[in-house]
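K.L.:
for reference, the sequence and a predicted model appear below.
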2 protein chains.
Amino acid sequence: MSDPAAFLAKHGVRPSYPRLKILEYLAGTKEHPSAEMIHRDLVLSLPTLSRTTVYNTLRLFAAVGIARELRIDETEARFDADMRPHGHFRCRACGRVFDFPLTPGIEQPALPEGFKLERAELSCEGLCPACATSSLPLP
Amino acid sequence: MSDPAAFLAKHGVRPSYPRLKILEYLAGTKEHPSAEMIHRDLVLSLPTLSRTTVYNTLRLFAAVGIARELRIDETEARFDADMRPHGHFRCRACGRVFDFPLTPGIEQPALPEGFKLERAELSCEGLCPACATSSLPLP
DNA sequence: GTATCTGCAAAACATTTGCAATTCT
DNA sequence: AGAATTGCAAATGTTTTGCAGATAC
């Protein structure tokens, strides 16, 4: 992300300071954070940041195509600024979300006649390599 | 579903009356209902049925492999007793959830080494045929 | 008779909303 | 000034939990 402000402007989003910080945070992580995680981290350097603004901003980012909302976690929405096609894998033990490449064709599933596809998401769950080989008791 | 009680017993689930009714309801619909929808309909013929029991039962069904929980709706979990591999499409206008066949290979995505896959779900969103051709204003 | 199941009420939790104060142009 | 943005507090809606009574084996 060379110029975050220009990137926001290009998507028709006014580059306010909170929005810039949220964009930079999201573009610079592979954690697929939730709104709560983003707020918890950013409020350290931006103490006035409210949860409401984080929620508003993430919804706005999703609406204009800057980020996507993942429904891979049972309790909270997770967000990803990588808009290239890829799948997600959530480890049920540690909760981390991993990206994985899609076999070509999956991103354009063959829907019956008449359906107008706008979004597709391949979500997997199981154990990540670290948790699969761990000797700790699993949830 | 020829013998629902035997089906439950086969999965190690005691066939109580509420569980039987919930199983029959779920197996007899293509609506992919939420817990609330199931309760709203079943309470008409089973007035003592509580929401808690519906939630408990659906969680139990998912745990033993009788049904699966879909995270395709923004607000509430939806449930499906069809355990055969297939994808789901949610219409953002009418909220209905449709099944569609999966191109072979999708149900076994190629994960990187070491990941232990337990569940995979392909969720799509867009407009269903009825809503796509409707002249009503869309949400 | 003991473990399991049910249901009510209350709690927990993520997210949204109303609205006033602030900020940007 | 005027429009957009922010942030607080309260509300919303789904799901979970504690616990007492009912039920099944």
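P.N.:
Sure, I can see it. Numbers count the residues shown, from 1 in each chain, chains lettered A, B, ... in the order given.
K.L.:
which residue comes closest to residue A:50 once chain neighbours are left out?
P.N.:
residue A:39 (8.0 Å; C-beta to C-beta, 6 or more residues apart in numbering or on different chains). Bear in mind the C-beta positions are built from the backbone N, C-alpha and C, glycine included.
K.L.:
distance-wise, check the one you found relative to residue A:26.
P.N.:
Using C-beta to C-beta, to the nearest Å, one obtains 12 Å as the distance from residue A:39 to residue A:26.
K.L.:
part of a helix, is residue A:98?
P.N.:
No. Read with DSSP: H, G, I helix; E, B strand; the rest coil, residue A:98 is strand and lies in no helix.
K.L.:
now residue A:51: how far from residue A:2?
P.N.:
Here the distance between residue A:51 and residue A:2 works out to 29 Å (C-beta to C-beta).
K.L.:
equivalent analysis for residue A:42, please.
P.N.:
Remark: distance between residue A:42 and residue A:2 (C-beta to C-beta) = 21 Å.
K.L.:
what of residue A:123?
P.N.:
Counting by C-beta to C-beta, the gap from residue A:123 to residue A:2 is 31 Å.
K.L.:
more neighbours: which of the two?
P.N.:
Of the pair residue A:123 and residue A:2, residue A:123 is the one with more neighbours under other C-beta atoms under 10 Å in any protein chain shown, namely 21 against 5.
K.L.:
confirm the more buried one sits in a strand?
P.N.:
Yes. Applying three-state DSSP, one finds residue A:123 inside a strand.
K.L.:
from what I see, it and residue A:74 are in contact.
P.N.:
No. Residue A:123 is not in contact with residue A:74 according to C-beta atoms under 8 Å; the separation is 11.4 Å.
K.L.:
need the residues touching each of those two.
P.N.:
With contacts defined as C-beta atoms under 8 Å, 6 or more residues apart in numbering or on different chains, the residues shared by residue A:123 and residue A:74 are residue B:71.
K.L.:
the helices in chain A, which residues?
P.N.:
Remark: helices of chain A, listed N- to C-terminal, are A:4-10, A:17-27, A:35-42, A:51-64, A:129-133; assignment by DSSP state H.
K.L.:
so chain A: which segments form each domain?
P.N.:
Per automatic domain parsing, the domain ranges recorded for chain A read A:4-78, A:84-132.
K.L.:
for DNA strand C, see how far away the residue lying farthest from the centre of chain A is.
P.N.:
Here chain A has its C-alpha centre computed as a mean, and the residue farthest from that point, by C-alpha atoms, centre = their mean, is residue A:113 with 30.4 Å. Noted for residue A:113: a distance of 32 Å to DNA strand C, by C-beta to the nearest atom of the strand, to the nearest Å.
K.L.:
surely that residue and residue B:133 touch.
P.N.:
No. No contact is recorded between residue A:113 and residue B:133 when judged using C-beta under 8 Å, the distance being 11.6 Å.
K.L.:
now do the shared contacts for those two.
P.N.:
Joint contacts of residue A:113 and residue B:133 (C-beta under 8 Å, 6+ apart) do not exist.
K.L.:
show me where pLDDT drops low in chain A?
P.N.:
Counting by pLDDT under 70, chain A shows low-confidence ranges at A:104-108, A:135-139.
K.L.:
which bits of it sit near DNA strand C?
P.N.:
A:14, A:16-17, A:34-36, A:51-52, A:55-56, A:59, A:75-77 (C-beta under 7 Å from any atom of the strand).
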